[in-house]
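A.B. asks: any chance you can model this:
(5 chains, ligands or ions: 5)
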Amino acid sequence: MDWTAFRLSVELAAWTTAILLPIGLLVGRWLAYHRFRGRGFVEALIALPLVLPPTVLGYYLLVSFSRDAPIGQLWLAFTGDGLNFSFAGIVLASVIFNLPFAIQPVQRAFETVPAHVREAAWCCGLSTSRTLTRIELPLIWPGLISAMVLTFVHTIGEFGVVLMVGGAIDGETKTVAIAIYDRVQAFDDEAAGAMSLVLLIASFIAIGLVYGLAGRARGVGVR
Amino acid sequence: MDWTAFRLSVELAAWTTAILLPIGLLVGRWLAYHRFRGRGFVEALIALPLVLPPTVLGYYLLVSFSRDAPIGQLWLAFTGDGLNFSFAGIVLASVIFNLPFAIQPVQRAFETVPAHVREAAWCCGLSTSRTLTRIELPLIWPGLISAMVLTFVHTIGEFGVVLMVGGAIDGETKTVAIAIYDRVQAFDDEAAGAMSLVLLIASFIAIGLVYGLAGRARGVGVR
Amino acid sequence: QQDRPVIAAASDLQFALSEIAEQFEAETGRSVRLNFGSSGNFRRQIAQGAPYELYLSADETYVHALHEEGHLEDGGILYAIGRIVIVAPRGEDRIVDGSLVRLRSALDDRTLRRFAIANPDHAPYGVAARQALQAAGQWELIEPRLVYGENVSQAARYALSGDTDGGIIAYSLVRGGPLAERATYALIPESAHDPLRQRMALVADAGETARAFYDYLQQEAARAVLADFGFELPDTP
Amino acid sequence: MSADREYGLSIELKAQRPIPLAVDFHVKPGELLALVGPSGSGKTTILRTIAGLQRRVVGRISCAGRVWLDTARGLRLSPQARRVGMVFQDYALFPHCNALENLMLAMDRGSPSERATMARALLARVRLEGLERRLPGELSGGQQQRVAVARALAREPDILLLDEPFSAVDMMTRQRLQRELAALRRDIRIPILFVTHDLTEATALADRICVLHEGHALQTDEPEALFRRPASPQVARLLGRPNVFQGMIVNNGQGERLRWGSLELEIRDTTGLPPGTPVHWYVPDSDIVLHRRERPSRGERENPVNGVIEECLTLGAQTYVTLHCSETADSLQINVSTHAAARNGLTPGAEASVSLLSDGIHVMVPETVQEPR
Amino acid sequence: MSADREYGLSIELKAQRPIPLAVDFHVKPGELLALVGPSGSGKTTILRTIAGLQRRVVGRISCAGRVWLDTARGLRLSPQARRVGMVFQDYALFPHCNALENLMLAMDRGSPSERATMARALLARVRLEGLERRLPGELSGGQQQRVAVARALAREPDILLLDEPFSAVDMMTRQRLQRELAALRRDIRIPILFVTHDLTEATALADRICVLHEGHALQTDEPEALFRRPASPQVARLLGRPNVFQGMIVNNGQGERLRWGSLELEIRDTTGLPPGTPVHWYVPDSDIVLHRRERPSRGERENPVNGVIEECLTLGAQTYVTLHCSETADSLQINVSTHAAARNGLTPGAEASVSLLSDGIHVMVPETVQEPR
Ligand SMILES: Nc1ncnc2c1ncn2[C@@H]1O[C@H](COP(=O)(O)OP(=O)(O)OP(=O)(O)O)[C@@H](O)[C@H]1O
Ligand SMILES: Nc1ncnc2c1ncn2[C@@H]1O[C@H](COP(=O)(O)OP(=O)(O)OP(=O)(O)O)[C@@H](O)[C@H]1O
Ligand code: MOO
Ligand SMILES: [Mg+2]
Ligand SMILES: [Mg+2]
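C.D. replies: Numbers count the residues shown, from 1 in each chain, chains lettered A, B, ... in the order given. Ligands and ions are numbered 1, 2, ... in the order given. Just a heads-up that it's a prediction; the model follows:
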């Protein structure tokens, strides 16, 4: 059992989710409350990373993260390090790949916050940010949980992009998904099965608890 | 440009979406309206396929779809055909893999339908099914569109599972994702780039139009 | 922390190289980290500066190309020549013979369901498989029955899945390891395809251990293991 | 049960949640019963139970000759099967349908064009001509409420359940709608339950009023009877009737009298209670007659009460006068026309006398428990 | 502008959407202005504009000495910066917060425990003791509305904007809340705008009433003045005042008179209009005096009008009488106490006479355009 890979996957998923949380909130909220021409195309743009096969997307990311490309150069200038084959690189790739899962559920949730309730919050003197934390967040909670769980889970299972950009370096970019894949490739079905089972059970319990707790916490709208 | 692969991908995505649409509606609605112990775990179960690397999930599906396994046997008995390496097989695999994307947004959307509005529909004499089609569906429309678009797009880009279960048979199970991957692997970057570009542009326009139209059609809740 | 270089190796070396690495560690006390995967992916990643120190490709053209681009120390050396086999799940040797005659008859009486090879568009073993089928004059006939693995190990999976009647895969995969007892196979003559020339090279700036391993691979002990797993050993580097 | 009772609404309900509920009444076809009671007394809960939306209840509901609920027999019709026309307190319009579509969805007879015509006619009836194509979100509160009323009618229901249906509309429109409702009762003879907190409205429209308190029906009676003979001080208080006092039954030899402070009042409806029984009693506004200055008026000899005016509150044509009566240490609230008040010099501090007509004095017999009907 | 005007609410607004709006008034600190008008006349829109929620508007709003909106200068404060206490027509409570939390969210001063104490006190003030921990979905309509009122107060606002704040509460609670509101006006001297469709409520509570029609303020005046001197037949109609008639100014040599059919009525407030001018005129209820049978009463000589009773409608202590007057072909609506009606034998078909007091007759000068104030 490759525990390092497990740890790494959880770290990767946690970072990805943590980074996508504010992005999802900001972009989702903005898309929910503003109607403009071409809004549909902005939404489409966010979903686009999904249409490419992960390995191919990974390859294009590999190229754009390279030291010769603007993103890679920028990163190099700031951190003195390359993006490719680094933990930072797979986090960034994951973030891009998971954009739609983080943004869409949040957007839909914001869309259902009644306008009057927000207005009432303003009239109660709640600033935009307090309205967000005290009124909107509790109301969009189920959507937010959905977004975060989907992002987390999808990152855990992600393989093509991470493999391509990360290079499966032990202890740095070799996630549990890659480790399981490796075992399958090596026809080591027993190890693959054991790792899969551990992953599935751990995920099942973790997700189940998250949904269970999130669902119990005041199910607004459901009665 | 492998137009057959394009066509196949669209067919696969269309079938997957079409099959998941009723499943998403039924399961999503059921999860939204019923509170029971362990609901969180049912939701977790649905999300589980995501945690495994697609190729590995594909491998397990390959095994369960084989003629020796119950699912494969059942299918064989009914259709006289194997599931593995067939279009039906990759559709089924896609369906399983996309369950969370089809169910979750729909569930969240149903959760926000006001109880009074449903009750008013019953008092107006609308049967459960008419309440669904005339009241609930229009109200959950944005969530439903999200679910369908994510499912469709995710199927188009899906590669590991489809490749494993389908075997990349030209005209039968070789989707555009596999075709692009093949071109990349063959260092035919030009063809890969061209196909990717066509795929991206077509997807961008299609998704953009869907979201645009869906957004314009009575944005209830957004004002 | 000790220098533990990452070695990028073609997936047909899956079993052989693992054994060599163990011996290497036992003998020298140094260890390497093995990454198996598609030679093509490694070629791209090395071109982007992947921190692999040694590259064992299943296709020597990738080594030449990387060398020309200046990512490798030198042109490397030829370390093995791959062989291919026709396999089927153990006990179903209906189509298994090196001359592909039985395959032909299965094709002729239309009892062949599916047949697995690696994707000949990019996998070296897929190319060899196609050449062998072409040489036997069966390519046109069998093409509609083929399923393609992304690489040779996926093809092996298919070949032994029960939903195919077999396939053509690397000899190295069935010589040892877990597949040996699950498969029945026959070697396809070398003459049926172009030689699968496998070349390795040190990546620029490779460290001590990688160099040592590179040298070790050229030693008799390592060559014996490769031979044991069914690779032909080239005389000339 | 008589055929008459069969073909109306009969309910007999008990529930514990959300509030303890115990109600039991019958509404005849064409009859309008107003439910009044404090906020939170269970009015909405009763309507929801009749509609089949509130399920945790035991009892029996029958309407139009069909049994809708009989928990003893395990029978419970779905809301759809009950044919109720319901106006929700918060309207519950379909937010994605315009006014016309909201109505048409509730109709299950006729071709689409017939339904559109009928829906238009109904919207015109609630004065919404020209707003047929507006979504609920584009209508004002009162306009939405009227769509809800029209939608309840569109269903061609067996019973109308109206939860404060006119609370958001202005007085003029309200009067018009009240007239429409009165007309409707002649056209379609179905029971109508009507929640309102406007007693004037209840009095003007309802055949009977049911006074609810904490889930219990305290009294169900015709408005006139209710205002003249409230069953208990609580009912009088809930109806906003001020003149409830404590007294005692006495017998001064000439017959039964009501002792109030040092006064002894004549009463027409004798109670037969033993002398000495302490009672609550009530006198309605209409039976308090102000004595006119210098000119005696009819009935002046009846139960005269003298007092000093404590307070005068003028609201338009009406003036509310509080008269403190030293003989009883209680205050009477009276209600005179503003010009009568001016004519008689009713100002704080002035003395005034009234007669309490013996016809009107209502002694609340302590044991009186409202018979469920 | 006087300092007095500075420290109140001044608004001057024009808008096209959602309805054409043109209003312009001032409300002093501690003053309560009631907005009345038909459903859809723009009452909610005006409150929303003041709160800063409706943005498509031009004009100026200042309150408590600060300018909140001045489109000419491009100034527009956010709703948060305006310190308004707003009760939404649909309450708009925070659905995930219980009653107490709803209030505490609106407070921005004091420690959490101080805020909890104050919130509890406010909830008690609106009679919701014991329901502090209920979510809005677990409260009845009227209970929710009272939470909304308490929340508006919790903000310690510079102005209160109440959109039909008592529409869902029963009469008793309503009276109590009205008293609370009246008390509040003494405690905190801020302008209060109050939308209601209950004219009795408006009259009882408001210092002035603004009558709105299709987004236009028709008349803003004290209740007494409004009911006695409505500016136009439309205002009288919107206020539900029936006795508006057409007449003509004449001069019979003894001074200006009002010709009504074949009658010539004395008027106290002469108009100075040239004889022959056709006018509308109005007489309030309080200035129609019924002649008593056999006994002449004060003012009987003033403008006597004889007629036949068409209809009598008794609602409790009041009876509404329609008197058809053949000399004028018009009908007067009068309102007498039920026992006066009985005493004078007012039944359909009976003859009756009234006097229209010359004090009360109000001639609506045709050009009168309500001066915006
Ligand atoms: N979901 C719930 N959970 C707990 N209590 C509830 C719930 N719904 C209603 N109640 C309580 O039940 C009581 C009756 O409510 P109901 O809505 O029937 O009152 P109502 O008579 O219609 O009042 P109103 O005139 O204010 O609308 C109220 O005290 C209310 O707080
Ligand atoms: N979003 C909108 N789109 C179009 N028209 C609207 C919209 N919102 C309100 N209106 C219209 O504007 C007018 C004024 O609405 P407003 O809500 O101010 O009325 P109101 O005086 O508060 O009425 P009520 O007493 O019924 O609440 C109404 O005729 C309404 O139909
Ligand atoms: O490079 Mo491979 O061994 O064909 O996967
Ligand atoms: Mg209610
Ligand atoms: Mg309004």
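A.B. asks: per-residue pLDDT, residue 52?
C.D. replies: Using chain A here. At A:Leu52, the pLDDT value in this model is 87.
A.B. asks: meant chain C, my bad for not saying
C.D. replies: pLDDT, read off for C:Tyr52, is 92.
A.B. asks: and for it, nearest residue in space, chain neighbours not counted?
C.D. replies: Excluding the flanking residues, the one nearest C:Tyr52 by Cβ to Cβ, 6 or more residues apart in numbering or on different chains is C:Ala8, at 4.1 Å. Where C-beta positions appear, they are placed from N, C-alpha and C, glycine not excepted.
A.B. asks: please apply the same query to D:Glu311.
C.D. replies: In space, D:Glu311 is closest to D:Thr322, 4.3 Å off (Cβ to Cβ, 6+ apart).
A.B. asks: the one you found pairs with what?
C.D. replies: Assessed by DSSP bridges, D:Thr322 has beta-bridge partners D:Glu311, D:Gln333.
A.B. asks: in chain C, what residue lies closest to chain D?
C.D. replies: As assessed by Cβ to the nearest Cβ, chain D sits closest to C:Glu150 within chain C, at 47.3 Å.
A.B. asks: around that residue, count how many other residues there are.
C.D. replies: 26 (other Cβ atoms under 10 Å in any protein chain shown).
A.B. asks: which helix or which strand is home to D:Thr314?
C.D. replies: Per DSSP states H and E, D:Thr314 falls inside strand D:304-315.
A.B. asks: right, and C:Arg4 touches C:Arg33 too?
C.D. replies: Yes. At 5.5 Å, C:Arg4 counts as touching C:Arg33 under the criterion of Cβ atoms under 8 Å.
A.B. asks: sorry, back to before: quick check, the residue nearest to C:Tyr52 in a strand?
C.D. replies: Yes. Under the criterion used here (DSSP: H, G, I helix; E, B strand; the rest coil), C:Ala8 sits inside a strand.
A.B. asks: contact partners for it?
C.D. replies: C:Asn35, C:Gly37, C:Phe42, C:Gln45, C:Ile46, C:Ala50, C:Tyr52, C:Leu54, C:Tyr55, C:Leu56 (Cβ atoms under 8 Å, 6 or more residues apart in numbering or on different chains).
A.B. asks: cool, D:Met171 as well?
C.D. replies: D:Met171 sits in contact with E:His197, E:Asp198, E:Leu199, E:Gly240, where contact means Cβ under 8 Å, 6+ apart.
A.B. asks: go again with 6 Å.
C.D. replies: E:His197, E:Leu199, E:Gly240 (Cβ atoms under 6 Å, 6 or more residues apart in numbering or on different chains).
A.B. asks: from the centroid of chain A, which residue is nearest?
C.D. replies: A:Thr151 (3.5 Å; Cα atoms, centre = their mean).
A.B. asks: residue 25: how many residues sit nearby?
C.D. replies: In the absence of a named chain, this looks at chain A. The burial count for A:Leu25: 22, using other Cβ under 10 Å.
A.B. asks: the intended chain is chain D.
C.D. replies: D:Phe25 has 19 nearby residues by other Cβ under 10 Å.
A.B. asks: cool, and C:Gln219?
C.D. replies: C:Gln219 sits with 13 neighbouring residues when counted by other Cβ under 10 Å.
A.B. asks: ramachandran coordinates for it?
C.D. replies: The phi/psi pair for C:Gln219 (degrees, to the nearest 10) reads phi -80, psi 160.
A.B. asks: any idea how far it is from ligand 2?
C.D. replies: 84 Å (Cβ to the nearest ligand atom, to the nearest Å).
A.B. asks: got it, and D:Ser78?
C.D. replies: Applying Cβ to the nearest ligand atom to D:Ser78 and ligand 2 gives a distance of 33 Å.
A.B. asks: same check on A:Leu163?
C.D. replies: 52 Å.
A.B. asks: so who does that residue touch?
C.D. replies: Per Cβ under 6 Å, 6+ apart, neighbours of A:Leu163: A:Ile178.
A.B. asks: quick one: average pLDDT of the strand or helix carrying it?
C.D. replies: Per DSSP H and E: A:Leu163 is located in helix A:160-166. Averaging pLDDT along helix A:160-166 yields 88.
A.B. asks: same question for stretch A:69-78.
C.D. replies: Here the average pLDDT along stretch A:69-78 is 86.
A.B. asks: what about the closest residue in space to C:Ala132 that isn't next to it in sequence, neighbour count?
C.D. replies: In space, C:Ala132 comes closest to C:Ala192 once its chain neighbours are excluded; the distance is 4.1 Å by Cβ to Cβ, 6+ apart. Other residues near C:Ala192 number 19, with proximity taken as other Cβ under 10 Å.
A.B. asks: show me where chain C dips below the pLDDT cut-off.
C.D. replies: In the predicted model of chain C, residues C:1-2, C:236-237 satisfy pLDDT under 70.
A.B. asks: around chain E, which positions in chain A sit nearby?
C.D. replies: Within chain A, the positions near chain E by Cβ under 6 Å from any Cβ of the partner chain are A:116-117, A:119-120, A:122-125, A:127, A:135, A:138, A:218, A:220.
A.B. asks: any of those buried? List them.
C.D. replies: Buried members of these, counted by 16 or more other Cβ atoms under 10 Å in any protein chain shown: A:His116, A:Val117, A:Glu119, A:Ala120, A:Trp122, A:Cys123, A:Cys124, A:Gly125, A:Ile135, A:Pro138, A:Arg218, A:Val220.
A.B. asks: residue of chain C nearest ligand 5, please.
C.D. replies: Using Cβ to the ion, C:Gln48 is the residue of chain C that sits closest to ligand 5, at 64.3 Å.
A.B. asks: list the buried residues in the lengthiest helix in chain A.
C.D. replies: Criterion DSSP state H: the longest helix present in chain A is helix A:3-33. Neighbour counts using 16+ other Cβ under 10 Å place A:5-6, A:8-10, A:12-13, A:15-17, A:19-21, A:24-25, A:27-29, A:31-32 of helix A:3-33 among the buried residues.
A.B. asks: and the next element down the chain from it?
C.D. replies: Taking DSSP H and E, what comes next after helix A:3-33 is helix A:39-47.
A.B. asks: in the strand holding D:Thr314, what's buried?
C.D. replies: For strand D:304-315, a neighbour-count test (16+ other Cβ under 10 Å) marks D:Val305, D:Gly307, D:Ile309, D:Cys312, D:Thr314, D:Leu315 as buried.
A.B. asks: can I get those residues in CSV with pLDDT and distance to A:Ile46?
C.D. replies: Below are the buried residues of strand D:304-315 laid out as CSV (pLDDT from 0 to 100; distance: Cβ to Cβ, whole Å):
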residue, pLDDT, distance to A:Ile46
D:Val305, 90, 81
D:Gly307, 91, 80
D:Ile309, 92, 76
D:Cys312, 84, 71
D:Thr314, 73, 67
D:Leu315, 66, 62
